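**Q** sharing a sequence plus its predicted fold:
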Amino acid sequence: MKQISLLYHDVVRGHASASGFPGADADIYKLEEANFSAHLSQIAKLGEGRVQLLKKSAEFQAQPIPILFTFDDGGVSAHEPTASLLEARGWRGHFYIVTERVGQPGFLSADQIRDLHRRGHHIGSHSHSHPAGFSTLTWEKMLHEWKESRRILGEILGEPAWSASVPGGFYSREVARAAHEAGYTILFNSEPTAVVSQMGRLTILGRYGIQRQTSPELAQSLARADFFPRAAQSFTWNAKKPLKKIGGKLWLSFRRWFFKKSN
Ligand SMILES: [Zn+2]
């Protein structure tokens, strides 16, 4: 069972600081609206029915591999323009909320979260306070982050949240265990993989990260489950040996592709 999840953050019109967390580190992940629209156009070319929504059972069709749009942090841009742009194509997204920030400047209000939910988008937890180095927290603190966020989303939506995404990509088995203990059944991390894994009742899904400068063509390649772009995110230079083993010709064309993209 495979799936391709894309990890987006905010979609902004000029002022990156208007939505989500402020600062240069966060801005790297905020796409200009025109670029995001172009991403959607490219991905639409992959055909009907590819973009899907999570089901509680986390059962996906085998072919074609489903594409899931996820958006972290709960910046106010999720409501406008992100959700509207997805809806214009008949698609829905997964929005992961930092519950401590709900209603604060630059972040979604409870009403906007309810509205997204009513319009068919998926709402999940991105922890309560988005602590730095989530995987380094004590067990009690991790559990509190997941539980408190789940409680608040439950109050907002009138039903318990069952999916979550790990803040900052600080994933560990302990982080997953805490999410499981807090009652979630789906956990997104930021591992660039299409492989779905399981820990007890918890299904763990990787995601391919999208940055401000990610081109529509690269987003489409990731969504199409092309080998080379996904390999570029998956392999560090230290781990290039397996590719070399596959064969000289394939390795050379990967290297050509990689350098072209890196320049
Ligand atoms: Zn985040």
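**A** The structure has been received and is ready for your questions.

**Q** helix or strand for Val175, which one?
**A** In this structure, Val175 sits in helix 173-181 according to DSSP states H and E.

**Q** do you have the helices of the protein handy? List them.
**A** For the chain, applying DSSP state H gives helices covering 24-27, 33-44, 82-87, 110-118, 139-157, 173-181, 216-223, 227-234, 241-246, 248-262.

**Q** with respect to Glu100, which of those lies nearest?
**A** helix 139-157 (8.2 Å; CB to CB). No exception for glycine: its C-beta is placed from N, CA and C like everyone else's.

**Q** which other helices and strands does that closest one contact?
**A** Packing partners of helix 139-157 (3 or more CB pairs under 8 Å, 6 or more residues apart in numbering; DSSP states H and E): helix 110-118, strand 122-125, strand 163-165, helix 173-181.

**Q** looking at these, which is buried most?
**A** Most buried of the helices and strands packed on helix 139-157 by mean neighbour count (mean count of other CB atoms under 10 Å) is strand 163-165; its value is a mean of 27.

**Q** list the contacts for the residue in the stretch 151-263 of the chain that the ion sits nearest to?
**A** The ion sits closest to Pro167 of the stretch 151-263 of the chain, with a gap of 4.5 Å, by CB to the ion. For Pro167, the contact set (CB atoms under 8 Å, 6 or more residues apart in numbering) comprises 72, 98, 126-127, 130-131, 134.

**Q** same list, the helices and strands packed on helix 139-157, but as a markdown table with mean pLDDT and distance to Gly154 please.
**A** As requested, those are exported to a markdown table (pLDDT from 0 to 100; distance: least, CB to CB, whole Å):
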| stretch | mean pLDDT | distance to Gly154 |
| --- | --- | --- |
| helix 110-118 | 98 | 12 |
| strand 122-125 | 98 | 10 |
| strand 163-165 | 98 | 13 |
| helix 173-181 | 98 | 15 |
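
**Q** save these as a markdown table, and put in distance to Val51 too.
**A** Output for the helices and strands packed on helix 139-157, formatted as a markdown table (distance: least, CB to CB, whole Å):
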| stretch | distance to Val51 |
| --- | --- |
| helix 110-118 | 16 |
| strand 122-125 | 12 |
| strand 163-165 | 17 |
| helix 173-181 | 25 |
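
**Q** returning to what we had before: ok, the residue of the stretch 151-263 of the chain closest to the ion to Leu157 distance?
**A** Distance, Pro167 to Leu157, using CB to CB, to the nearest Å: 20 Å.

**Q** most neighbours among the contacts of Pro167, which one is it?
**A** Asp72 (30 neighbours; other CB atoms under 10 Å).

**Q** tell me how far the nearest residue in space to it that is not next to it in sequence lies from Glu48.
**A** Closest residue in space to Asp72, ignoring its immediate chain neighbours: Tyr96 at 4.9 Å, by CB to CB, 6 or more residues apart in numbering. From Tyr96 over to Glu48 the distance is 26 Å, taken as CB to CB.
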